[in-house]
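Enquirer: sequence and predicted structure are below.
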Amino acid sequence: MNSLYLLIPLAVVLVALAIWALFWAVKSGQYDDLDTESRRILFDNEDRPTAGNRAPQERKDGQGPDQ
């Protein structure tokens, strides 16, 4: 019974923090564009280099391509 005196206020505080975080996310625009991110994974972006097809970069000391 004594633990309820701690757990109930703690639960109320956690729910209040969750509600505040939800309203903050909506107000700051986190839910404005839900479609772009879900479609981005479906289409390959050929312009972006990946680790396998990247051109060798020059080393900072000017001694040729970085290995």
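Expert: Cool, the structure landed.
Enquirer: show me what the longest helix seen in the chain is in contact with.
Expert: Ordering each helix of the chain by length in residues (DSSP state H) puts helix 4-27 first. Applying C-beta atoms under 8 Å, 6 or more residues apart in numbering, the contact partners of helix 4-27 are Tyr31. Bear in mind the C-beta positions are built from the backbone N, C-alpha and C, glycine included.
Enquirer: let's see 10 Å
Expert: Gln30, Tyr31, Asp32 (C-beta atoms under 10 Å, 6 or more residues apart in numbering).
Enquirer: helices - which of those land there?
Expert: Among these, no member falls in helices (DSSP H).
Enquirer: with pLDDT added, can I get those in a markdown table?
Expert: Listed next are the contacts of helix 4-27 as a markdown table, based on pLDDT from 0 to 100:
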| residue | pLDDT |
| --- | --- |
| Gln30 | 87 |
| Tyr31 | 85 |
| Asp32 | 87 |
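Enquirer: return the lowest-mean-pLDDT helix or strand in the chain as CSV; C-alpha atoms alone will do.
Expert: Least confident element among the helices and strands of the chain, by mean pLDDT, DSSP states H and E: helix 35-40 (a mean of 81). Taking C-alpha atoms only, helix 35-40 is exported to CSV below (Å, rounded to 0.1, in the frame of the first residue of the first chain):
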residue,chain,number,x,y,z
ASP,A,35,4.7,10.4,-46.8
THR,A,36,8.2,11.4,-47.9
GLU,A,37,10.1,9.2,-45.4
SER,A,38,8.0,6.2,-46.2
ARG,A,39,8.6,6.5,-49.9
ARG,A,40,12.3,7.3,-49.7
